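**Student:** Give me coordinates for this.
(2 chains)
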There are 2 protein chains.
Amino acid sequence: MKLATLDDGTRDGQLAVVSRDLKIAHVADGIAPSLRAALDDWAFIAPQLDSLYRQLNEGKARRPFDFDPARCMAPLPRASECVVGAAFLHHHELERRAAGGELPAAWRETAQLARAASDGFVGPRQDLVLAREEWGIDFGAELALVSGDLPQGATADEAHGHIRLLLLANDITLQNLVADERALGLGLLRAKPATSFAPVAVTPDELGEAWRGGKVELPLRVVWNGNPVGTLEAGEDMAFNFPQLLAALAGSRRVTAGTIVGAGVVSNRATRRHTPGYASIAAQRWQEIVDGGEAVTPFMRFGDTVRIEMLDGNGKSLFGAIEQTLKAP
Amino acid sequence: MKLATLDDGTRDGQLAVVSRDLKIAHVADGIAPSLRAALDDWAFIAPQLDSLYRQLNEGKARRPFDFDPARCMAPLPRASECVVGAAFLHHHELERRAAGGELPAAWRETAQLARAASDGFVGPRQDLVLAREEWGIDFGAELALVSGDLPQGATADEAHGHIRLLLLANDITLQNLVADERALGLGLLRAKPATSFAPVAVTPDELGEAWRGGKVELPLRVVWNGNPVGTLEAGEDMAFNFPQLLAALAGSRRVTAGTIVGAGVVSNRATRRHTPGYASIAAQRWQEIVDGGEAVTPFMRFGDTVRIEMLDGNGKSLFGAIEQTLKAP
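**Tutor:** Numbering: from 1, shown residues only, chains lettered A, B, ... in the order given. All right, here's what the predicted structure looks like:
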């Protein structure tokens, strides 16, 4: 099923079920007030949402309305916890190569995770509001999972069955703040402002054949100021799948329902048949440095727009699009 | 006022008001179901809680009951976000000196913050459940604030008025996992399992004169296996006060209500008049290395107990005590 959160003025928003084609929706707050509440009690709530979802798709729901992504908050406006994994190693290899180094072996052996902000998430059509262009403002097209409860030490196999939802995100990085923060060794904080999310969260079964081996085998489109800059395959070059990322988090701690685990910015290696482009400006700049010694593509400027979308097996939008404009406060 | 969260089987628990002397309590779920809900709507809810608090202290509340910390969850079982600052520089100086280095100047110039897990918090009398002694399991006595909403770029003066509550925490570190994770440069994740909290959250006004200059000028007692190992002053040697720590977080992002900002493990410099001892085993080990070249105090072992408590101006427990036993799963 497909779920969205409507902005009703509350912090967690109002839960809605959205039709498969993203055309109509139905409030679900008679079942659970918010997606957060639904995740808190998923085994009881999910079958009821699923029933409403089927009715909606069959044209039998009582009070459907036109679905408007502009009314949406992030599907989960605040999470229990949020971490981002480094599943697309090509992205990190490029960064190291551009700096004249190599990716440490540990990154290939186990899934590396970093904590991210767990609140203040931005809706799919809300502006990106950031104070300074000099920060090196960069988009980052990324998939993420929403987890159920998972005990400490859970394996990837166990984790697989606890992936409740998948999300599409714009994981913003202030690239010019990264080096200084990394030197301090405390992880990125100022360099990672709020993440934005596509309007609709989807259950893995919604992907059908495209949910394979714990990966999402579907194309991802990134458009910057109207120019298609990325035509990537989200299931390729993924060194760790979603269950492995979730199990890595559970390695030393209990995971609670409503935890978001991002897979990291999608990055494909170019092949003879596929020139993937990029899902973040930094990746393009690193490639430019590797190829020609110098980064030429600038970071985002005020007024810039970014559009991030994933297409399903029928070429239709799976999560709805993220469409944002960068603005000063 | 003093607030606690009773374990009623829900994820956010049941809000209760606790008398100043921690002897009796009164459920407050007629006012707000949980502390989280109270923080979401603080301006409206806090005066009602305050009124109940006054009635309780005056013996006029309707259905008081004996307050039992063993029934408590962490006051805020899951937060909007959680970060920990490095306010007690002596702690970090010791670490660097033990490793033959020096604290970088940046740590003295601005408050450094690291993200921490925002969920899965442990109650004051719950066991510490961790799988391996070899991880170097270490307690860490720490104060933290709970914030209201704060806009991006808020100053320390603005932040001061948005400190809703103060908490006492046991910030656990798996010290033997720190070096490897730090080398990866992504911040600590596996090395930082769930944090525990004392039973009661207090509003800053509850501290009276002891809430001074954005610091808590009160003694902190740490007892390990029945031996007093730390008799610290939480307002001394604090390079950044609570408003400064909160403003540091707001530097590049909006802060949302229910965010926890820890001040870092309390650490005092020894003086002629005061031998403070330690609030974390690591600090003692670093001191041993600096003094004699070798760490002799071992980390925690299964069955070990730790007790952390802060005394108010009258020598009474301010937050109630954290009393925990380390156990294997």
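**Student:** what's the burial count for residue A:247?
**Tutor:** Other residues near residue A:247 number 25, with proximity taken as other CB atoms under 10 Å in any protein chain shown. Where C-beta positions appear, they are placed from N, C-alpha and C, glycine not excepted.
**Student:** for residue A:290, that is, sorry about that
**Tutor:** Residue A:290 sits with 14 neighbouring residues when counted by other CB under 10 Å.
**Student:** One more: the one 4 residues further on?
**Tutor:** Residues lying near residue A:294 (other CB under 10 Å) number 8.
**Student:** Over to residue A:224?
**Tutor:** Around residue A:224 sit 20 other residues, with neighbours defined as other CB under 10 Å.
**Student:** Distance of it relative to residue A:300?
**Tutor:** In this structure, residue A:224 lies at 8 Å from residue A:300, with CB to CB, to the nearest Å as the measure.
**Student:** before we move on, what about residue A:137?
**Tutor:** Distance from residue A:137 to residue A:300, by CB to CB: 4 Å.
**Student:** Tell me which residue in chain A sits closest to chain B.
**Tutor:** Taking CB to the nearest CB as the measure, the point where chain A comes nearest chain B is residue A:187, at 2.0 Å.
**Student:** mind listing the strands for the stretch 201-329 of chain A?
**Tutor:** For the stretch 201-329 of chain A, the strands defined by DSSP state E, counting those that start in this stretch cover A:201-202, A:211-212, A:215-216, A:219-224, A:227-233, A:259-265, A:305-310, A:322-327.
**Student:** How about the stretch 1-150 of chain A?
**Tutor:** With DSSP E, counting those that start in this stretch applied, the stretch 1-150 of chain A shows strands at A:2-6, A:14-18, A:24-27, A:65-66, A:81-85, A:113-115, A:128-129, A:137-138, A:141-147, listed in chain order.
**Student:** Generate JSON lines for these, with mean neighbour count as supplementary columns.
**Tutor:** JSON lines is the format used below for the strands of the stretch 1-150 of chain A (neighbours: other CB atoms under 10 Å in any protein chain shown):
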{"stretch": "strand A:2-6", "mean neighbour count": "26"}
{"stretch": "strand A:14-18", "mean neighbour count": "25"}
{"stretch": "strand A:24-27", "mean neighbour count": "19"}
{"stretch": "strand A:65-66", "mean neighbour count": "10"}
{"stretch": "strand A:81-85", "mean neighbour count": "26"}
{"stretch": "strand A:113-115", "mean neighbour count": "24"}
{"stretch": "strand A:128-129", "mean neighbour count": "18"}
{"stretch": "strand A:137-138", "mean neighbour count": "23"}
{"stretch": "strand A:141-147", "mean neighbour count": "27"}
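**Student:** With mean pLDDT and distance to residue B:146 as new columns, can those strands be given to me in JSON lines?
**Tutor:** Converted to JSON lines, the strands of the stretch 1-150 of chain A look like this (pLDDT from 0 to 100; distance: least, CB to CB, whole Å):
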{"stretch": "strand A:2-6", "mean pLDDT": "98", "distance to residue B:146": "25"}
{"stretch": "strand A:14-18", "mean pLDDT": "98", "distance to residue B:146": "26"}
{"stretch": "strand A:24-27", "mean pLDDT": "98", "distance to residue B:146": "32"}
{"stretch": "strand A:65-66", "mean pLDDT": "98", "distance to residue B:146": "38"}
{"stretch": "strand A:81-85", "mean pLDDT": "97", "distance to residue B:146": "17"}
{"stretch": "strand A:113-115", "mean pLDDT": "96", "distance to residue B:146": "19"}
{"stretch": "strand A:128-129", "mean pLDDT": "94", "distance to residue B:146": "25"}
{"stretch": "strand A:137-138", "mean pLDDT": "98", "distance to residue B:146": "30"}
{"stretch": "strand A:141-147", "mean pLDDT": "98", "distance to residue B:146": "25"}
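**Student:** could you dump those strands to a markdown table with distance to chain B?
**Tutor:** Conversion of these to a markdown table gives the following (distance: least, CB to the nearest CB, whole Å):
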| stretch | distance to chain B |
| --- | --- |
| strand A:2-6 | 15 |
| strand A:14-18 | 15 |
| strand A:24-27 | 21 |
| strand A:65-66 | 27 |
| strand A:81-85 | 5 |
| strand A:113-115 | 4 |
| strand A:128-129 | 8 |
| strand A:137-138 | 11 |
| strand A:141-147 | 11 |
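**Student:** picking that back up, what does the pLDDT read for the residue of chain A closest to chain B?
**Tutor:** Looking at residue A:187, its pLDDT stands at 91.
**Student:** And residue A:202, by the same measure?
**Tutor:** 98.
**Student:** Tell me if I'm right that it and residue A:17 touch.
**Tutor:** No: counting by CB atoms under 8 Å, residue A:202 stays clear of residue A:17, with 11.5 Å between them.
**Student:** Show me the common contact partners of these two, please.
**Tutor:** Common neighbours of residue A:202 and residue A:17, using CB atoms under 8 Å, 6 or more residues apart in numbering or on different chains, are A:1, A:2, A:3.
**Student:** residue contacts, the last one?
**Tutor:** The neighbourhood of residue A:3, defined by CB under 8 Å, 6+ apart, consists of A:15-18, A:28, A:35, A:38, A:49, A:75, A:165, A:200-202.
**Student:** can you do 7 Å?
**Tutor:** A:15, A:17, A:18, A:35, A:49, A:75, A:200, A:201 (CB atoms under 7 Å, 6 or more residues apart in numbering or on different chains).
**Student:** Was I right to think residue A:53 contacts residue A:17?
**Tutor:** Yes: shown here, residue A:53 and residue A:17 form a contact pair, counting by CB atoms under 7 Å, at 5.0 Å.
**Student:** what touches both of these two?
**Tutor:** Shared contacts of residue A:53 and residue A:17 (CB under 7 Å, 6+ apart): residue A:1.
**Student:** right, and residue A:290 touches residue A:97 too?
**Tutor:** Yes: using CB under 7 Å, residue A:290 is in contact with residue A:97, at 5.2 Å.
**Student:** Grab the nearest non-local neighbour of residue A:306.
**Tutor:** Ranked by CB to CB, 6 or more residues apart in numbering or on different chains and with sequence neighbours excluded, the top spatial neighbour of residue A:306 is residue A:139, at 4.6 Å.
**Student:** quick one: the helix or strand of chain A with the lowest mean pLDDT near chain B?
**Tutor:** Using mean pLDDT, DSSP states H and E, the weakest-scoring helix or strand in chain A turns out to be helix A:178-184, at a mean of 90. Yes: figure legend: helix A:178-184 in contact with chain B (CB under 7 Å from any CB of the partner chain); contacting residues A:182, A:184.
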